[in-house]
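Student: Provide a 3D model corresponding to the input given below.
(2 chains)
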Number of protein chains: 2
Amino acid sequence: MNIAEYLERKRVDVDRFLDLVAPPSVTAPTTLHESMRYSLLAGGKRIRPILTIAAAEALGSTAPGLMPVACSLELIHTYSLIHDDLPSMDNDDFRRGKPTNHKVYGDAMAILAGDALLTMAFDLISRPDLMKGCDPVRQVRLVQELAFGSGNSGMVGGQVFDIQAERKDIDLTTLQTIHKHKTGMLIRAAVRMGAVAAGATDRQLDDLTGYAEDIGLAFQIADDVLNVTGTREELGKNPNTDAERGKKTYPTFYGVDGAKQLAEDCVTRAITRLVSLGPPADPLREIARYITSRKN
Amino acid sequence: MNIAEYLERKRVDVDRFLDLVAPPSVTAPTTLHESMRYSLLAGGKRIRPILTIAAAEALGSTAPGLMPVACSLELIHTYSLIHDDLPSMDNDDFRRGKPTNHKVYGDAMAILAGDALLTMAFDLISRPDLMKGCDPVRQVRLVQELAFGSGNSGMVGGQVFDIQAERKDIDLTTLQTIHKHKTGMLIRAAVRMGAVAAGATDRQLDDLTGYAEDIGLAFQIADDVLNVTGTREELGKNPNTDAERGKKTYPTFYGVDGAKQLAEDCVTRAITRLVSLGPPADPLREIARYITSRKN
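Tutor: Residues are numbered from 1 along each chain as shown, chains lettered A, B, ... in the order given. Sure, this is the predicted structure:
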């Protein structure tokens, strides 16, 4: 299969659906809706929703409500970027080459747009029109997965671990804790939600959870490596910012080559988890390989 | 019935449950959990969860999962206060006589504690242990009610309307739009969620929705009146702050006596909505009367 083509096709589907369900800029409160749309429709690889879709497809399912379920993860991801970029957090002025949300709409509106996107994630997976045909028992489990992966036990907790580690001489265990929560838990939720929506057996859910944890780690290590080895053109931002900020990353502990190898090992392990799923899991396998081969 | 005693008993139940389910300060990330607990357990009348409980009781129900459902509304209310108090929003240093969350934990942690509490509201109503016995169809509807009442179409939208009206010469319609969303929609969700949890018929849900909309308005008008007529001792803060800030309120448009009458009319109308529900709805009736008689 051609993974680039697969990712592009799914990305277009996700973008189209997000544009459809995001509140229109012409309805009041217009500025809030504009601000939500500004960040939500700013591009991005849409890797989390695509993982949800690919996980459901791996189980041979076109589950009802799969698209809203998948897109709920992008809403959570987007709100987290808006809040992370705020002056009192990372204080970033640009994201993906565009001014950050608060630079355009002000801090107050950026906070509220984030809050609204977070809330909308749960709206999306509980809307009767969009989720028609989805088993309500599964739907409740999806809500639980999303809340668990994105709240204090998941993504938000990881953000706190990250803030607390700033400018500190952290050890490898702390680095792992940060990433497991900050990026890992939402990727885990993305894959698990696809599996739950598709009616996975306990065994399938375990396998897919293992896959998700492995690629979550590979994703983060690859990001750290790219920060060292990428060019300004490839990354769309200056390289080597981690080292300049004195931030400890996987290359700090393992060296660039060691970190690359570690990421490859994670990918191999992730793919091994999918043995029982056969050819329908090919997109998941290719996504795992893509993670360490991408240039940005 | 003695409404003061009823409210106090329920308030204690709600406080106890919130203390039980809030993440412990001893587990990591400890600062996040402390910050969440600081605002969540800072007292307050717990009027929203009590409305949920009273609405379910009015239908003769001790619905499974009623307490987590009720408390999810307090989590949303608390997160909204934390974010509203931030420097880039209302910039308040004190709430209920205590320093605001960001004054104690810093802006970044306050933003994240708010995000975590918001997310936890949805965690609570989807947790299998806490919601055991609740019909999953109803559970999905509860998620939908909570998301709708608190997101861009509800509370967050109202906050935006409010910000945009600051220092502007707004008319009565705009004032109504602000309050309908900022405070009204969450009170409406509180009552409706109690009704849904208890398995309300369509007719009962309509009646209770009307009740909720009427008391929501009465609540806001009474707040505006108290801001003019209350003493520093009663309010726990300086009175007349609205006028000093040039903020238009119900007394601006109707005078104090006119606004009082309007609130009374809302209460009367709210109580009329409950005719078909008989004695089990007495707490809801008394809560409506309490709204205009309270001193803070």
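
Student: and stretch A:96-115, how far apart are its ends?
Tutor: 21 Å (Cα to Cα, to the nearest Å).

Student: For chain A, which element, helix or strand, carries the lowest mean pLDDT?
Tutor: Within chain A, no helix or strand scores below helix A:232-235, which has a mean of 77 by mean pLDDT, DSSP states H and E.

Student: Check which helices and strands that helix is in contact with.
Tutor: Applying 3 or more Cβ pairs under 8 Å, 6 or more residues apart in numbering or on different chains; DSSP states H and E, one finds that helix A:232-235 makes contact with helix A:202-229. In this view, the C-beta of every residue, glycine as well, is placed from N, C-alpha and C.

Student: Can you list the buried residues in the helix it packs on?
Tutor: By neighbour count on 16 or more other Cβ atoms under 10 Å in any protein chain shown, the buried set for helix A:202-229 is A:204-205, A:207-229.

Student: And for stretch A:287-296?
Tutor: A:287-292, A:294.

Student: I'd like the average pLDDT over it.
Tutor: Stretch A:287-296 carries an average pLDDT of 86.

Student: Show me how far that stretch is from its chain's centre.
Tutor: Here stretch A:287-296 is found 14 Å from its chain centre; the criterion is Cα atoms, centre = their mean, to the nearest Å.

Student: Could you write out the alpha-carbon coordinates of that stretch in PDB?
Tutor: Extracted in PDB, the C-alpha atoms of stretch A:287-296 (Å, rounded to 0.1, in the frame of the first residue of the first chain):
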ATOM      1  CA  ILE A 287       1.800   4.500  10.000                       C
ATOM      2  CA  ALA A 288       4.300   3.000  12.500                       C
ATOM      3  CA  ARG A 289       7.000   2.900   9.800                       C
ATOM      4  CA  TYR A 290       6.100   6.400   8.700                       C
ATOM      5  CA  ILE A 291       6.700   7.800  12.200                       C
ATOM      6  CA  THR A 292      10.500   7.300  12.100                       C
ATOM      7  CA  SER A 293      10.900   8.100   8.400                       C
ATOM      8  CA  ARG A 294       9.100  11.400   8.300                       C
ATOM      9  CA  LYS A 295      11.000  14.700   7.800                       C
ATOM     10  CA  ASN A 296       8.700  16.900   9.900                       C
END
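
Student: Please list the residues outside it that contact it.
Tutor: Residues from elsewhere that reach stretch A:287-296 (Cβ atoms under 8 Å, 6 or more residues apart in numbering or on different chains): A:3, A:7, A:47, A:50-51, A:54, A:211, A:214-215, A:218-219, A:222, A:226, A:230, A:234-236, A:260, A:263-264, A:267, A:270-271.

Student: Then stretch A:14-33?
Tutor: By Cβ under 8 Å, 6+ apart, stretch A:14-33 touches A:34, A:36-37, A:40-41, A:46, A:49-50, A:67-68, A:70-71, A:74, A:105, A:109, A:112-113, A:116, A:120, A:124, A:130, B:152-153, B:156-157, B:160-161, B:164, B:177.

Student: OK, contacts around the residue nearest the centre of chain A?
Tutor: Nearest to the geometric centre of chain A sits residue A:48, at 4.3 Å (Cα atoms, centre = their mean). Listed by Cβ under 8 Å, 6+ apart, the contact set of residue A:48 reads A:70, A:73-74, A:77, A:186-187, A:190.

Student: give me that answer again for 10 Å
Tutor: A:14, A:70-77, A:183, A:186-187, A:189-191, A:193 (Cβ atoms under 10 Å, 6 or more residues apart in numbering or on different chains).

Student: Tell me which stretches of the stretch 151-296 of chain A form helices.
Tutor: For the stretch 151-296 of chain A, applying DSSP state H, counting those that start in this stretch gives helices covering A:155-165, A:172-179, A:185-197, A:202-229, A:232-235, A:241-244, A:250-272, A:282-293.

Student: Kindly apply the preceding question to the stretch 1-150 of chain A instead.
Tutor: Using DSSP H, counting those that start in this stretch, helices in the stretch 1-150 of chain A cover A:3-21, A:30-40, A:47-58, A:66-85, A:101-105, A:107-124, A:136-150.

Student: Now do the fourth one and helix A:185-197, the angle between them.
Tutor: For helix A:66-85 against helix A:185-197, the angle between stretch directions is 170 degrees (axes from the mean of the first three to the mean of the last three Cα atoms, to 10 degrees).
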